[in-house]
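[1] The amino acid sequence is not available; the structure is as follows:
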């Protein structure tokens, strides 16, 4: 019985590890599909569109000091000139993008 329980825990740990990697990959793909055109691959806003709209660097203190809820709200509702993604991204996808943005912190 102990052997079965240990095997179950090992399988559960492996599944969790793989699902976390998949979540991170999904967040990166969502960011690339919806955000990178303007914000750039590294969030610096250094694209032609980003420069034209004077987009802030996502690693900047101004962006990073915002709460997760604030960032999720901007992604969901938009902030001129950025469109909102409510109905286009799920709340889980938006949360993933927020975590992805946190990785840009300097």
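    That came through, no problem. Treat the numbers as computed from the prediction; the structure is a model and nothing was measured.

[2] Surely residue 95 is in a strand?
    No - counting by DSSP: H, G, I helix; E, B strand; the rest coil, residue 95 is not part of a strand but helix.

[3] Show the contacting residues for it.
    By Cβ atoms under 8 Å, 6 or more residues apart in numbering, the contact set of residue 95 is 68, 72. Every C-beta, even on glycine, is put in place using the N, C-alpha and C of the backbone.

[4] Give me the next element, helix or strand, following the helix-or-strand element of the chain with minimal mean pLDDT.
    Lowest mean confidence among the helices and strands of the chain (mean pLDDT, DSSP states H and E): helix 2-34, at a mean of 65. Counting by DSSP states H and E, the element after helix 2-34 in chain order, helix or strand, is helix 36-39.

[5] Against which helices or strands is whichever helix or strand comes after that next one packed?
    Note on helix 36-39: by DSSP H and E, the next helix or strand toward the C-terminus is helix 48-52. Where contact means 3 or more Cβ pairs under 8 Å, 6 or more residues apart in numbering; DSSP states H and E, helix 48-52 is packed against helix 36-39.
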